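**Student:** Just the structure for this:
(2 chains)
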There are 2 protein chains.
Amino acid sequence: MLQKATDIFNVKYPIIQAPMAGGVTTTRLVTEVANGGGLGMIGAGYMSPNQLRKQIQEVQQLTPNPFGVNLFVPNEFHVTEEEILAANEKLNQFRLTLQIPEKKIVEKPDFNDLYNTFLEQVDVVIKENVPICSFTFGVPTTEVIDRLKQHDILLMGTATTVKEAIALEKAGMDIIVVQGSEAGGHRGNFLKSNNESMMGIMSLIPQVVDNVSIPVIAAGGIMDGRGFMASLCLGAQGVQMGTAFLTCLESGANELHKTAILNAKEDQTVVTRSFSGKWARGIQNEFISSMRANEQQLPAFPVQNSLTKDIRKAGASQGKPEFMSLWAGQNATMAKKQTVGMLMESIIAEAKGLGFST
Amino acid sequence: MLQKATDIFNVKYPIIQAPMAGGVTTTRLVTEVANGGGLGMIGAGYMSPNQLRKQIQEVQQLTPNPFGVNLFVPNEFHVTEEEILAANEKLNQFRLTLQIPEKKIVEKPDFNDLYNTFLEQVDVVIKENVPICSFTFGVPTTEVIDRLKQHDILLMGTATTVKEAIALEKAGMDIIVVQGSEAGGHRGNFLKSNNESMMGIMSLIPQVVDNVSIPVIAAGGIMDGRGFMASLCLGAQGVQMGTAFLTCLESGANELHKTAILNAKEDQTVVTRSFSGKWARGIQNEFISSMRANEQQLPAFPVQNSLTKDIRKAGASQGKPEFMSLWAGQNATMAKKQTVGMLMESIIAEAKGLGFST
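**Tutor:** Numbers count the residues shown, from 1 in each chain, chains lettered A, B, ... in the order given. Sure thing, here's the model as predicted:
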């Protein structure tokens, strides 16, 4: 018999607030989720070790409940100067539109620097006694996993296929977040798959559950008590929700991003690698459409992500969402402007109506 | 309060066997589903009126229970001689491999002929007292809908977006099958959408349920009692399952097709228009891979479907599944070689374990 996710995490409800990186997971968002009985997550992917330490300490002052930190496992990348110059040439049209300086040459992020930062983030998680650490974009090394386990930190991996879920279980993860094609933001795939690794949650969860023996959390397209209960029926032990928390009042997402989601029409999201070099789902806008033809040729993550930073920033400061990454899942239309408390209560109330009991 | 799908259909369980066209839905498949308490469906898309009449009469002799017929709503198509010649040139490489005659010119199907056949199929449904008629690829005309309604035939449409579901409700459909991106076989989309109309069931069902006031049936990625119960939690009144019935002993699918599904690995399906000119999900094979680069330029359905008929047929008769359309949903890995009775019983038993009651 599988241990329950709520027992493993020591939370009341198996509802995880997705660790959205880039400033979305404010201390208030994380603590409101934790105080509401769910699992709040700090999306630390782009944070410096100092920023991370500071936020962990803030969260700990505001809640006695467990919470987690999500880290990006750095992937090696091979990007030539020519690729960067070609990408910049394409990107300069947006810089012209936004009246920001053109770029002719850009320093490439250094993999060793990124990896050292990752190791320092791991140190912070350990030193600050964070009870749960999740990973996106791959499997950490045995050394990293062993160090975290020696400190009794629960480990959670992210998979988009059965193959990835099995790899994560073998590596020693305690729990797996399984991300369906519906999910907003970056795709968590990290192993070569037979095709696009774009399986819907309805099909993916039972396939994973039948092939691993650790608890599975469903992510992608879940917005309310119906999606929560459906996930449990499929064999997941809980859910991870991004878009639904992103539009909450406590989230730190840019207001233009929240507004774009709250006004979204159905089927308005697409999967693109134009912003970061990794495939991610967001609301289609001018930037994505204009980059569409070239997106297969763009530099890999995180190089493309660095290259587009000035454009995304200018888009935000100039009030132009057409140049921002408006990450959102396939049911953005169901997002609401509400407090975390209201969202959590409505999920649980609806789930109870469908037979849920803690 | 919505009327229950089981009451509307007058069946015991809200499980619809998907109306797979092309010989899959044998009389035995349909009657076993009907006798097992589900709704069997004759996939009549490619049948002549006489073939359809004959099968309806056979089914009626073997079950007193309700069953349905599915028809393709003919869509107008605009295909030039040049497009057909270009497609044939590409297809001749496969004809060479299969040692069948090359084609240099092909007669184009005539839309008026196809439409007249459709009207004759409707007449057969009426004259043979079929209680339920479903449609794929669009909304029938008001005249057709009115005629069927005058004979108290229940009407079921197929939608892939909220917009299509609303159009079907407005046109007078009694029930809507909502097809997620996970589904095998042809995509049922018929209205221009914001993007690809490839929404996963987890995200699509709640969005549709919140926007129509007739019962919704979930289709795509559902293989067992878990998917069945998950669909009910999402707000659907029942499920339509294709792949799970296709590999049943009673199905008329080619044995090579069944074997391909039973041996499928995860994430082995892709959406292609290379076989028919309409997007459809199937197991990736040599034909699909070779046609990938050109598939946007191929003639529209049903022209491309006629063009590839000799290739698919030769693939089947020569035991070469690499040249057949191996339609399957995203969880082909969960398909089993079993009887319809075993499949139905296991779905219901698993669903009861999850709280289902009739």
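**Student:** can you give me the strands in chain A?
**Tutor:** Chain-ordered strands for chain A, with DSSP state E as the definition, fall at A:15-17, A:40-43, A:67-72, A:132-136, A:154-159, A:175-179, A:185-186, A:216-219, A:238-241, A:269-272, A:280-283.
**Student:** Which one, of those strands, ends up nearest to chain B?
**Tutor:** Evaluated over these, closeness to chain B peaks at strand A:269-272, with 5.5 Å, by CB to the nearest CB. From N, CA and C alone the C-beta is placed, and that goes for glycine too.
**Student:** What average pLDDT does that closest one get?
**Tutor:** Across strand A:269-272, pLDDT averages out at 96.
**Student:** Sheet-wise, list the partners of that strand with their directions.
**Tutor:** Note on strand A:269-272: by DSSP bridges, its sheet partners are strand A:280-283 (antiparallel).
**Student:** and the strand it pairs with, what's its mean pLDDT?
**Tutor:** Taken as a whole, strand A:280-283 has a mean pLDDT of 98.
**Student:** What of stretch A:194-201?
**Tutor:** pLDDT averaged over stretch A:194-201 gives 90.
**Student:** what about A:Glu128, distance to A:Thr142?
**Tutor:** Here the criterion is CB to CB, to the nearest Å. By it, A:Glu128 lies 23 Å from A:Thr142.
**Student:** And stretch A:110-119, what's buried?
**Tutor:** Going by neighbour count (16 or more other CB atoms under 10 Å in any protein chain shown), the buried part of stretch A:110-119 is A:Thr117, A:Phe118, A:Leu119.
**Student:** and A:Glu128 and A:Thr142? which has more neighbours close in?
**Tutor:** Neighbour count, other CB atoms under 10 Å in any protein chain shown: between A:Glu128 and A:Thr142, A:Glu128 has more, with 16 against 10.
**Student:** my read: the more buried one touches A:Val59, true?
**Tutor:** No: judged on CB atoms under 8 Å, A:Glu128 makes no contact with A:Val59 at a distance of 9.5 Å.
**Student:** What residues does the residue lying closest to A:Val270 once chain neighbours are set aside make contact with?
**Tutor:** In this structure, A:Val270 finds its nearest non-sequential neighbour in A:Gln284, 4.8 Å apart by CB to CB, 6 or more residues apart in numbering or on different chains. Residues near A:Gln284 by CB atoms under 8 Å, 6 or more residues apart in numbering or on different chains: A:Gln268, A:Thr269, A:Val270, B:Asn194, B:Asn195.
**Student:** Check A:Gly68 too.
**Tutor:** For A:Gly68, the contact set (CB under 8 Å, 6+ apart) comprises A:16, A:19, A:39-42, A:130-134, A:154, A:156.
**Student:** Need the pLDDT of it.
**Tutor:** Looking at A:Gly68, its pLDDT is 98.
**Student:** how many other residues sit next to the closest residue in space to it that isn't next to it in sequence?
**Tutor:** Distances taken as CB to CB, 6+ apart place A:Ile132 nearest to A:Gly68, at 3.4 Å, with adjacent residues excluded. Look at A:Ile132: counted by other CB under 10 Å, it has 24 neighbours.
**Student:** doesn't A:Leu39 make contact with A:Ile132?
**Tutor:** Yes: contact criterion CB under 8 Å: A:Ile132 and A:Leu39 qualify, at 7.0 Å.
**Student:** what sits in contact with each of the two?
**Tutor:** Taking CB under 8 Å, 6+ apart as the criterion, A:Ile132 and A:Leu39 both touch A:Phe9, A:Pro66, A:Phe67, A:Gly68.
**Student:** Closest one to A:Val79 out of the residues you listed, please.
**Tutor:** Comparing these against A:Val79 with CB to CB places A:Gly68 closest, at 31.2 Å.
**Student:** Report the beta-bridge partners for that closest one.
**Tutor:** Applying DSSP bridges to A:Gly68 gives these bridge partners: A:Met41, A:Ile132.
**Student:** Could you tell me which ranges of chain A sit under the pLDDT cut-off?
**Tutor:** A:1 (pLDDT under 70).
**Student:** from the shared contacts of A:Ile132 and A:Leu39, which two are the most distant?
**Tutor:** The distance between the two most remote of the shared contacts of A:Ile132 and A:Leu39 (CB to CB) is 9.5 Å, for A:Phe9 and A:Phe67.
**Student:** Thanks a lot, see you next time.
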